[in-house]
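Enquirer: Could you work out the structure for the sequence below:
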Amino acid sequence: MMGSKGGSLVNRFFGTFISGTGEIVEGILRQRLKDLRILALLDGAVEFETAVPYSDLNLFCFHNLFWVLHKKEAPAEEPLDGYLRELLGAKADWSEAGKNSPKIKSFRLVTSRQNQLVSVDPALRGSMEQKLSRLSGLRVDRSRPDTEFWVLSRSEGVFYFLKRLSRHMAYDKLLDPGELHPELAYMMCWLTAPKHTDVVLDPFCGYGAIPLQRARRFPFTKLYVFDNAEEPLARTREKLPRKNPAILVERHDALALGEVLPPESVDAVITDPPWGMFQEVGMELGEFYRRMIRELELLLRPGGKLVLLTARGEELSEALETAPALALQRKYHILVSGKKSGLYLLEKA
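Expert: Predicted coordinates:
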């Protein structure tokens with residue numbers, strides 16, 4: 001909905017993100033939007049207001065962003081059909097439904113209940129589609145539309161009518177196997193509180209998701225991009241800026257980084273080490289983590305930050321007992337490709 005707040009227009013958005021990262025998303029929003037007003041912080045979603053238009057938001061932590069056309073608080077068990085009937089006669093922000101780029105010609109209506117797509121009464125769907133088509137000037141295309149309108153209910157007891165603003169990428173076609181999603185890599189980079197003077201290291205770069213976000217979105221003075229496998233390194237070289245002397249992409253063993261970099265020479269380590277599931281590490285995983293943590297502890301400057309993603313929390317916790325200088329600041333419980341994982345923020349004392 002659009003309203004007036006202190007004489008300026010207010011834009012109301014609904015953004016979806018990785019479940020468990022709400023604290024991170026809130027921090028990013030508050031840093032980015034000085035006039036921010038958070039209306040609802042849900043599991044994997046946030047509703048917020050700002051005078052900043054969508055074209056200037058530049059928020060890379062979201063899967064998708066929507067415009068809020070209508071909102072209603074009601075018991076979660078209330079049928080979605082009832083909300084659709086209400087919408088057909090409600091004073092929703094229908095004028096916003098018609099504000100579309102000339103490239104947008106078609107739409108489809110998506111109905112969701114507690115993050116699961118559900119069917120609704122066909123006659124209700126048809127009536128809603130007809131009204132949307134009439135007010136937006138768009139034609140219905142249920143297979144390959146240019147945009148979408150969402151009617152959804154949440155377990156928190158809130159119903160939304162939304163207009164989709166972003167186009168979520170088909171990651172299965174665009175990303176390399178096992179490559180982190182850009183939103184997660186972005187949040188991992190943000191957690192280090194980036195500065196222009198930072199020397200940054202990713203010793204397990206894989207296909208380059210983390211260094212790509214750091215290079216594109218955040219400042220640094222030097223970016224070390226290492227892995228011990230040549231195939232993913234070759235793909236990473238293709239993705240990163242090729243003529244930037246501040247970015248070094250090389251093949252190195254993460255357990256012998258002391259032979260490559262001086263002690264206490266790195267400000268931030270951001271990485272996704274092997275989980276011992278799809279990649280052999282040549283030793284017992286607990287020993288691998290202990291040796292890895294010792295190397296990273298030596299490389300980090302005092303006050304330096306380590307952001308690490310793993311599903312092997314037990315092995316990591318045991319490894320951290322051997323590195324007393326590394327203090328755990330935050331741990332976020334998240335899902336990565338359906339796997340329970342931990343996102344850790346540590347700082348060297």
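Enquirer: and Asp81, what is it in contact with?
Expert: Asp81 makes contact with Val120, Asp121, Leu124, according to Cβ atoms under 8 Å, 6 or more residues apart in numbering. Placement of C-beta: from N, CA and C, glycine included.
Enquirer: Now do it, the pLDDT please.
Expert: As predicted, Asp81 sits at a pLDDT of 95.
Enquirer: does it sit in a helix or strand, and which one?
Expert: Secondary structure assignment for Asp81, by DSSP states H and E: helix 80-89.
Enquirer: Pull up the per-residue confidence for Asn8.
Expert: Just so we're on the same page, residue 8 is Ser rather than Asn. If you check Ser8, the pLDDT there is 58.
Enquirer: Ok, Leu57 next?
Expert: Looking at Leu57, its pLDDT stands at 95.
Enquirer: was I right about it contacting Leu65?
Expert: Yes: with contact defined as Cβ atoms under 8 Å, Leu57 and Leu65 form a contacting pair (7.2 Å).
Enquirer: so who does the closest residue to Lys340 other than its chain neighbours touch?
Expert: By the measure of Cβ to Cβ, 6 or more residues apart in numbering, the closest residue to Lys340 outside its immediate chain neighbours is Ala311, 6.5 Å from it. Neighbour list for Ala311: Trp275, Met277, Val336, Lys339, Lys340, Ser341, Gly342 [criterion: Cβ under 8 Å, 6+ apart].
Enquirer: Pro273 versus Ala311, what's the distance?
Expert: With distances taken as Cβ to Cβ, to the nearest Å, Ala311 is found 11 Å from Pro273.
Enquirer: same deal with Met128?
Expert: 48 Å.
Enquirer: can you list the weak-confidence ranges in this protein?
Expert: For the chain, the stretches with pLDDT under 70 are 1-8, 168-169, 277-279.
Enquirer: domain parsing for it?
Expert: According to automatic domain parsing, the chain comprises the domains 2-168, 173-348.
Enquirer: end-to-end on the last one?
Expert: For domain 173-348, the separation between the terminal residues is 39 Å (Cα to Cα, to the nearest Å).
Enquirer: all helices in the stretch 101-250 of the chain, in order from the N-terminus.
Expert: 122-136, 171-174, 182-190, 209-217, 230-239 (DSSP state H, counting those that start in this stretch).
Enquirer: what's the shortest one in contact with?
Expert: What that stands for is helix 171-174. His181.
Enquirer: can you give me the offset of that helix from its chain's centre?
Expert: 16 Å (Cα atoms, centre = their mean, to the nearest Å).
Enquirer: and if you look at the third one?
Expert: Average the C-alpha atoms of helix 182-190, do the same for its chain, and the two points are 6 Å apart (Cα atoms, centre = their mean).
Enquirer: Now tell me what touches that helix from outside.
Expert: Residues outside helix 182-190 that contact it (Cβ under 8 Å, 6+ apart): 17-18, 21, 24-25, 27-28, 60-63, 209-210, 212-214, 217-218, 270, 307, 309, 334, 336, 343.
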